[in-house]
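*Asks:* Attaching a predicted model along with its sequence, questions to come.
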Amino acid sequence: MIPERAKVTLVVLTLNEIEGVKAVMPLVDRSWFDQIIILDGGSTDGTREWAREAGYELHVQQRPGIRFAYFEVMDKVKGDIVVTFSPDGNCKPEHIPELLAKLAEGYDMVIVSRYLDHAKSEDDDLLTSFGNWLFTRTINVLHGGRYTDAMNIYRGYRKKMIYELELERDEAYALPERLFRTVISWEPLMAVRAAKRGLKIAEIPGDEPARVGGERKLQIWRWGAAYYFQFWRELFFWRDAARRDPAASGLPAAEPASTVLHPSR
């Protein structure tokens with residue numbers, strides 16, 4: 001179980017999302033969290049100014065690329081639990097209480113799935129829908145996951161999990177990024193390594209509405225190729241530190257993969 005004293009930080013990712021933050025952030029009850037950070041990629045449309053005026057803690061990333069934004073902000077995160085959220089309209093704030101309640105049951109990671117039960121995505125097109133299915137299916141087959149949506153940014157997890165799964169290390173991303181000339185995020189790799197380690201994972205269903213405003217930042221072909229390469233490389237590249245040598249790693253011994261749960265409500 002997550003201890004009652006555990007703090008929860010909401011990390012809100014923005015890049016020129018002024019329409020979205022004005023429409024969505026007032027729907028996020030600040031009492032749900034101990035800390036809310038607006039993690040901005042260098043907006044020029046007034047998003048940063050709005051965040052400051054609204055009284056939110058703001059971090060403007062220095063190095064382009066979403067994973068570098070995460071790397072930079074983690075030192076500022078005070079929570080034991082991190083929830084990542086996009087205010088572009090794709091993430092519905094009303095799912096937050098259920099997400100937090102599921103985490104409080106003792107899960108290491110909970111994903112708001114766009115494809116579980118009757119949930120649906122209004123932002124998908126044929127290509128992105130197929131890509132999300134293919135990537136999730138590949139992770140399940142190669143790494144023992146039981147996901148319906150391994151790619152979604154809308155999720156909560158223990159902050160320590162980032163370091164247990166070595167997600168902050170450049171070598172996990174350097175080769176695919178160099179090959180496909182892009183910078184990728186860590187959510188797919190997080191799903192892969194959490195499954196490999198046998199962490200306690202759950203999903204809750206959550207619709208994905210269409211964007212409120214701004215532009216989609218998705219680099220479909222480059223990101224897709226880099227992620228797919230990464231999934232196969234992980235078969236040989238990463239061995240869980242706790243499985244290699246729990247005493248040397250300082251981490252708790254890894255649980256068997258059977259503890260990865262089927263998606264649950």
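*Replies:* That came through, no problem. Numbering: from 1, shown residues only.
*Asks:* quick one, helices of the stretch 101-250 of the chain?
*Replies:* Applying DSSP state H, counting those that start in this stretch to the stretch 101-250 of the chain gives helices spanning 126-143, 160-164, 174-180, 187-197, 220-237, 241-244, 246-249.
*Asks:* where in the stretch 1-150 of the chain is pLDDT low?
*Replies:* Counting by pLDDT under 70, the ranges of the stretch 1-150 of the chain that qualify are 1-4.
*Asks:* which residues in it form strands?
*Replies:* 8-14, 35-40, 57-60, 81-85, 109-113 (DSSP state E, counting those that start in this stretch).
*Asks:* CSV for those strands, including distance to V183?
*Replies:* (C-beta placed from N, C-alpha, C; glycine too.) Below are the strands of the stretch 1-150 of the chain laid out as CSV (distance: least, C-beta to C-beta, whole Å):
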stretch, distance to V183
strand 8-14, 14
strand 35-40, 15
strand 57-60, 17
strand 81-85, 17
strand 109-113, 22
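*Asks:* Of the helices of the stretch 101-250 of the chain, give the one that comes closest to T47.
*Replies:* helix 187-197 (21.7 Å; C-beta to C-beta).
*Asks:* what's the spacing between that closest one and its chain's center?
*Replies:* In terms of C-alpha atoms, centre = their mean, to the nearest Å, the centre of helix 187-197 is set 11 Å apart from its chain centre.
*Asks:* What helices and strands are in contact with it?
*Replies:* Counting contacts by 3 or more C-beta pairs under 8 Å, 6 or more residues apart in numbering; DSSP states H and E, helix 187-197 packs against strand 109-113, helix 126-143, strand 155-158, helix 160-164, helix 220-237.
*Asks:* Restricting to C-alpha, output the third one in PDB.
*Replies:* As requested, the backbone C-alpha atoms of strand 155-158 are provided in PDB (Å, rounded to 0.1, in the frame of the first residue of the first chain):
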ATOM      1  CA  ARG A 155      -0.600   7.700 -15.900                       C
ATOM      2  CA  GLY A 156       0.600   7.600 -12.300                       C
ATOM      3  CA  TYR A 157       3.600   5.800 -10.800                       C
ATOM      4  CA  ARG A 158       6.100   5.700  -7.900                       C
END
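*Asks:* Each with direction, which strands does it pair with?
*Replies:* Here strand 155-158 is paired, per DSSP bridges, with strand 81-85 (antiparallel), strand 109-113 (antiparallel).
*Asks:* export the last one as CSV, just CAs?
*Replies:* To tie it back to what came earlier, the one meant is strand 109-113. The C-alpha trace of strand 109-113 is given here as CSV (Å, rounded to 0.1, in the frame of the first residue of the first chain):
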residue,chain,number,x,y,z
MET,A,109,1.9,2.2,-11.9
VAL,A,110,-1.6,2.9,-13.1
ILE,A,111,-2.4,3.9,-16.7
VAL,A,112,-5.5,5.6,-18.0
SER,A,113,-6.2,3.4,-21.0
